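> Predicted model and sequence below, questions to follow.
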Amino acid sequence: MGFDRNTLIGFGLLAVLLMGMFWQTTTTQKAQMAEKKRISDSIAALQPKVDSLAQKQQQAVYEQKKDSVNAGDFVAFAGGEETFSYVENDVMKLTFSNKGGWLKKVELKNFKGPDSGLVVLSGSPKDNFNYVVRTGAGVSQDVNRLFFSPAVITKNADGSQTISYQIAAEGKSLSHAFLVPKDNYMVDANIKLDGADQFISKQSLNFTWDVLARRQQHDKKYENNQTRLVVETDNEYDYFSAASGVTKTFGTATKWIGLKQHFFNSTLLANNAQGFSNVTAAVVSMPDTVHNEIAVMQVNASMQIPAGNVVEVPLRLYYGPNEYKLLKSYDNDMHNIVDLGSGITAFVKYINRGIIMPVFNMLNNLFGTAGMGWSILVLTIFIRLLITPLTYSSYKSAAKMKALRPDIEKLNEKFGDNAQAKSMEQMKLYREAGVNPAGGCLPALMQIPIFFALFAFFNSNIALRGVPFLWADDLSNYDSIAQLPFTIPFYGDHVSLFTITAVITSFAISLYSMNSAPDTGNPMMKYMPYIFPFMMLFFFNSMPAALTWYYTVSNIITLLLQFVIQNYVIDNDKIHEQIKANRAAPKKKSKLQERIAQMQESQRKLEEMKKRSQGK
């Protein structure tokens, strides 16, 4: 098989034209954007200047007066200076603020961000937790505008720490207490209302929670596609993509709600049996022009509290990694946040949880983090051994088809362009030889779930994050050996070497398979070896290096298996003898075969009648 010289020249010219078109389009767009910016800057320079400092000062005075009025009985806490308190455990650093008496920022000690600093969750002006309380007769105030008394930090016997804030006046008080565990990411938060009937009405605390997803990965576009609103409501887990932007209302038994990024999540949990009610959540991704922000989530919800003058509202805050084992330990379905299979391929999560993940973890314990690339190699070998019976069955079917290749070629010469007659004779040949032409398809189809399982596994495994291997700096991110000065549509602005090795080995498999298969006479079939590898080049270029490394190893193993099985395991002489015996034995058609034969015969007669009528 192969291309003639004219075809190759044509494809070469087409490739040159396409690259020229991409370069021209990119250059034109850059020039247009530069001109647009120049005009915009010129207009801005002509506009009158505004004394923004004076405006800010006037606004600050206005807000201070407004806060003093709305603070009511708590006017002593209406103004002040924001001060921070710090609590640190084995896995994170927490920053608390007296303004609102709430958790301000979380830094994860075991994870680095794209700027090489610690991963930071929360802490931006867009992050906020708030609820409104009655502070006096006819006045209410946002809690996050009140300045609580200085924090009280207590170290407990089990290694945990408690930090608490309080405001008190006129025989009533409001306090926030946080229990920080010794070596965990889950923080208990408790709101205590002493004088609850004066603070709130209808035994319901209504709150808002705003969360900003900061950029934590090098590839912002890919991270944006992985960012979701996640929720457990009415005992069902659900998720919604931030990329499309959604607003959702949930049921009366919402246990938790959060913003999941690629490898981290920020989640608010109800620490009672009833959960949250009247939950409305909106999530939207940030524009590409905003470099270090991925998405914003806004939550409005309420929580029923028991009757009484002194009541507590128990909450939990999780700011941490999407580690399956850790989230599973909380026994609240948060492990579903780790996307090991979702949508139409949700069933593959059971393959990941039951087989792939335990084997990979065992290999990691053996090789260690530094040898994770070799763990992937051994995992690939394990999987290929697991599906060896399917592989053997597929290759055996291919060997039978190869044995019939001379007969198929004779049929192609005999019937030429008469596809109907050729198809009928081919089916007859397969039936006589006892060969199923689709015999290699079923084993291949049965391997598809494993394909999707590994695709999900390598995309969601935080253990790969930041781990280098060979030339790849990070197995959870694409490997780049060259940065392009322009962006190729659907491909990107970089060159992934693991993607290239996966494409080349995939191309080799296709060529080997095509050379082993009989010539069907279909001219389109000769292009098939080029289509899938070409698609892979675009689809996998921005995929994690762990995934493209896996496919490279898997393809190499496939090539070796094809060579060994077809040359040393499968007895071609025995297959020829078996086919000869099958063709010599009397055949009894099944009902299905009889129906197919009748349909083909009817079709043949119709075509002959058509030709005769056209000849007249």
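Now that the structure is in, tell me what you want to look at.
> For the closest residue in space to Gly159 that isn't next to it in sequence, which residues are in contact?
Once flanking residues are discounted, Gly159 sits nearest to Lys182: 3.4 Å by CB to CB, 6 or more residues apart in numbering. Where C-beta positions appear, they are placed from N, C-alpha and C, glycine not excepted. By CB atoms under 8 Å, 6 or more residues apart in numbering, Lys182 lies in contact with Asn89, Asp90, Asp158, Gly159, Ser160.
> Is Lys182 in a helix, a strand, or coil?
State at Lys182, reduced to three classes by DSSP: H, G, I helix; E, B strand; the rest coil: coil.
> OK, contacts around Ser149?
Contacts of Ser149 by CB under 8 Å, 6+ apart are Phe77, Asn98, Tyr165, Gln166, Ile167.
> sorry, that was for Gly275
By CB under 8 Å, 6+ apart, the residues touching Gly275 are Thr233, Thr252, Ala253, Thr254, Lys255.
> Kindly report the same for Asn461.
With contact taken as CB under 8 Å, 6+ apart, Asn461 is in contact with Phe360, Ser476, Ala546.
> Among those residues, which has the minimum pLDDT value?
Within the contacts of Asn461, pLDDT reaches its minimum at Ser476, with 90.
> Against Phe263, how distant is that one?
From Ser476 across to Phe263, the span is 7 Å (CB to CB, to the nearest Å).
> Mutual contacts of the two, please.
Common contact partners of Ser476 and Phe263 (CB under 8 Å, 6+ apart): Gln217, Ile462, Arg465.
> Show me which of those residues is closest to Ile191.
For those, the closest approach to Ile191 (CB to CB) belongs to Ile462, at 31.5 Å.
> Excluding residues flanking it in the chain, which one is nearest that closest one?
In space, and not counting its chain neighbours, Ile462 is closest to Phe263: 4.6 Å by CB to CB, 6+ apart.
> Model confidence score at that neighbour, please.
As summarised for this prediction, Phe263 has a pLDDT of 95.
> show me the contacts for it.
With contacts defined as CB under 8 Å, 6+ apart, Phe263 is in contact with Phe111, Gln216, Gln217, Pro321, Asn322, Ile462, Arg465, Ser476.
> Any chance of CSV for those, columns distance to Ile356 and neighbour count?
Converted to CSV, the contacts of Phe263 look like this (distance: CB to CB, whole Å; neighbours: other CB atoms under 10 Å):
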residue, distance to Ile356, neighbour count
Phe111, 23, 20
Gln216, 25, 23
Gln217, 23, 21
Pro321, 19, 20
Asn322, 17, 23
Ile462, 15, 17
Arg465, 18, 21
Ser476, 16, 24
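> Turn those residues into CSV, columns for distance to Asn365.
Listed next are the contacts of Phe263 as CSV, based on distance: CB to CB, whole Å:
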residue, distance to Asn365
Phe111, 20
Gln216, 26
Gln217, 26
Pro321, 19
Asn322, 20
Ile462, 16
Arg465, 18
Ser476, 19
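> Which one of the residues you listed is nearest to Ile488?
Using CB to CB, Gln217 comes nearest to Ile488 of the contacts of Phe263, at 21.2 Å.
> That closest one and Gly466 touch, don't they?
No. Taking contacts as CB atoms under 8 Å, Gln217 lies outside contact range of Gly466: 10.2 Å.
> what touches both of those two?
With CB under 8 Å, 6+ apart as the test, Gln217 and Gly466 both reach Ser476.
> Walk me through the domains of this protein.
Domain segmentation of the chain under automatic domain parsing yields 82-338, 466-565.
> which non-adjacent residue is nearest the residue sitting nearest the centre point of the chain?
Geometric centre of the chain, nearest residue: Gln226, 4.1 Å, by CA atoms, centre = their mean. The spatial neighbour of Gln226 that comes closest, neighbours along the chain excluded (CB to CB, 6+ apart), is His262 at 4.0 Å.
> Could you check how far Thr267 is from Met297?
11 Å.
> sorry, back to before: between the contacts of Asn461, which is nearest Asp127?
Nearest to Asp127, judged by CB to CB, of the contacts of Asn461 is Ser476 at 25.0 Å.
> so who does the closest one touch?
Applying CB under 8 Å, 6+ apart, we find Ser476 in contact with Gln217, Phe263, Asn461, Ile462, Leu464, Arg465, Gly466, Val467, Pro544, Ala545, Ala546.
> circling back: whichever of the contacts of Lys182 count as buried, I'd like them selected in PyMOL; how would that read?
With 16 or more other CB atoms under 10 Å as the criterion, this PyMOL line picks the buried residues out of the contacts of Lys182:
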select buried, resi 89+160
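> Now render the contacts of Lys182 as CSV, adding secondary structure and distance to Trp102.
Listed next are these as CSV, based on DSSP: H, G, I helix; E, B strand; the rest coil; distance: CB to CB, whole Å:
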residue, secondary structure, distance to Trp102
Asn89, coil, 18
Asp90, coil, 23
Asp158, coil, 24
Gly159, coil, 23
Ser160, coil, 19
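> now for the contacts of Lys182, which pair is the farthest apart?
Spatial extent of the contacts of Lys182 (CB to CB) is set by the pair Asp90 and Asp158 at 12.9 Å.
> The stretch 101-250 of the chain: strands as residue ranges?
Using DSSP state E, counting those that start in this stretch, the strands of the stretch 101-250 of the chain run over 102-112, 118-122, 128-136, 139-142, 152-155, 161-169, 172-180, 186-194, 204-214, 228-233, 236-241, 246-250.
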